[in-house]
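**Q** Here is my input; please provide its structure:
(4 chains)
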There are 2 protein chains.
Amino acid sequence: MILTLDLGSEVPIYQQIRDSVVAAIALGEVAEGSPLPSTRQLAADLGINFHTVNKAYDLLRQEGLLILNRKSGAVVQRDPTSGPPPAAFAEQWQARLRTLLAEAVAQGLDGPAVLTACAATLTGFGLPTVITAPELGELT
Amino acid sequence: MILTLDLGSEVPIYQQIRDSVVAAIALGEVAEGSPLPSTRQLAADLGINFHTVNKAYDLLRQEGLLILNRKSGAVVQRDPTSGPPPAAFAEQWQARLRTLLAEAVAQGLDGPAVLTACAATLTGFGLPTVITAPELGELT
DNA sequence: GCAGCTGTTCTATAAGTAATAGAGCAGACC
DNA sequence: GGTCTGCTCTATTACTTATAGAACAGCTGC
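**A** Alright, predicted model coming up:
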């Protein structure tokens, strides 16, 4: 997993770390059980404080994506092909999706362009993007 | 436009206001030229400080969605059916989309479910969601 | 003109967040 | 025993959020 930070970005460092790990999981670069660098190690590699890495890892644990303990270190808990996500997540995730898409629509992006962008991103994660439509069959 | 705030939410008030206005524009509830309440008026209605509303409106102006002046007050500048958005917006918007979709994938949502959620949200905004596929024709 | 609205700008304060830093504890491994 | 690990505590600096009061400048209607 390559982790590049943009210091000087308006998005917090711990958030960038979290997003990078999430992206790596989505991309399948790290599967369930894969170990992540220790907080002190990653902090040293990135040239930042280990408390900042600690915060990012703690966030990932709260989201159920990471298991942390003194025995195994930091290992990925879920992977993209495991069980269903909690309903609470899906609910607030859709609210964020709604906000993001509203922004695109308000800025004048048209529906098909937005939807193809979504599909392209998903296929970039190695996922099938089949939509079943009764009249037309399947579209990949 | 109905504007309900969730004080006690972790998302800042000015951000909630901004998101609500963006959603209203996307939904077509407010079209180009539509006047918005003045900062002091809206602040009084919401029971918050007018500086907070000011910050939200200033954000919307920076995004090109609002025109502010002493003559006309606050009026919507773009509407969903006007010209193309600036390229810089599309670029960083896709980065945010990528992060959001990665989160869903990492949590175990499958590709079709995510894509249909995107399509459903877009049709909720009254937009066509036609994807043209050479082999299959058009899917709405 | 004048009162009342508008956006705009300035200073200020209190609370929270982000990122830094140092120190220490407890468990696991060699 | 030494060294790694996660974990916790206190502390500081800087920035953000939300509040507040005051003032200025331009437009509108009486």
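**Q** Report the distance from stretch A:48-65 to the chain centre.
**A** Distance, stretch centre to chain centre, for stretch A:48-65: 14 Å (CA atoms, centre = their mean, to the nearest Å).
**Q** same question, stretch A:41-48
**A** 21 Å.
**Q** Can you mark which positions in that stretch are buried?
**A** A:42-43, A:46, A:48 (16 or more other CB atoms under 10 Å in any protein chain shown). The way it works is simple: take the backbone N, C-alpha and C, and place the C-beta from them, glycine included.
**Q** Check stretch A:87-97 too.
**A** Buried, per 16+ other CB under 10 Å, within stretch A:87-97: A:89-90, A:93-94, A:97.
**Q** That stretch near chain B at all?
**A** Yes - Stretch A:87-97 reaches chain B (CB under 8 Å from any CB of the partner chain) through A:89-90, A:93-94, A:96-97.
**Q** remind me, longest helix of chain A?
**A** With secondary structure taken from DSSP state H, chain A has its longest helix at helix A:87-106.
**Q** Just the angle for that helix relative to helix B:87-106, thanks.
**A** Angle, helix A:87-106 to helix B:87-106, by axes from the mean of the first three to the mean of the last three CA atoms, to 10 degrees: 160 degrees.
**Q** which element follows helix A:87-106 toward the C-terminus?
**A** helix A:111-124 (DSSP states H and E).
**Q** Among the buried residues of stretch A:87-97, give me the pair with the biggest separation.
**A** Maximum pairwise distance among the buried residues of stretch A:87-97 (CB to CB): 12.0 Å, between A:89 and A:97.
**Q** which strands and helices sit next to the longest helix of chain A?
**A** helix A:111-124, helix B:13-27, helix B:87-106, helix B:111-124 (3 or more CB pairs under 8 Å, 6 or more residues apart in numbering or on different chains; DSSP states H and E).
**Q** ok so, going back, which one of the buried residues of stretch A:41-48 is nearest to residue A:116?
**A** Distance to residue A:116 across the buried residues of stretch A:41-48 (CB to CB) is lowest for residue A:46, with 34.7 Å.
**Q** how about the nearest residue to that closest one, chain neighbours excluded?
**A** Closest residue to residue A:46 apart from its sequence neighbours, by CB to CB, 6 or more residues apart in numbering or on different chains: residue A:5 at 5.8 Å.
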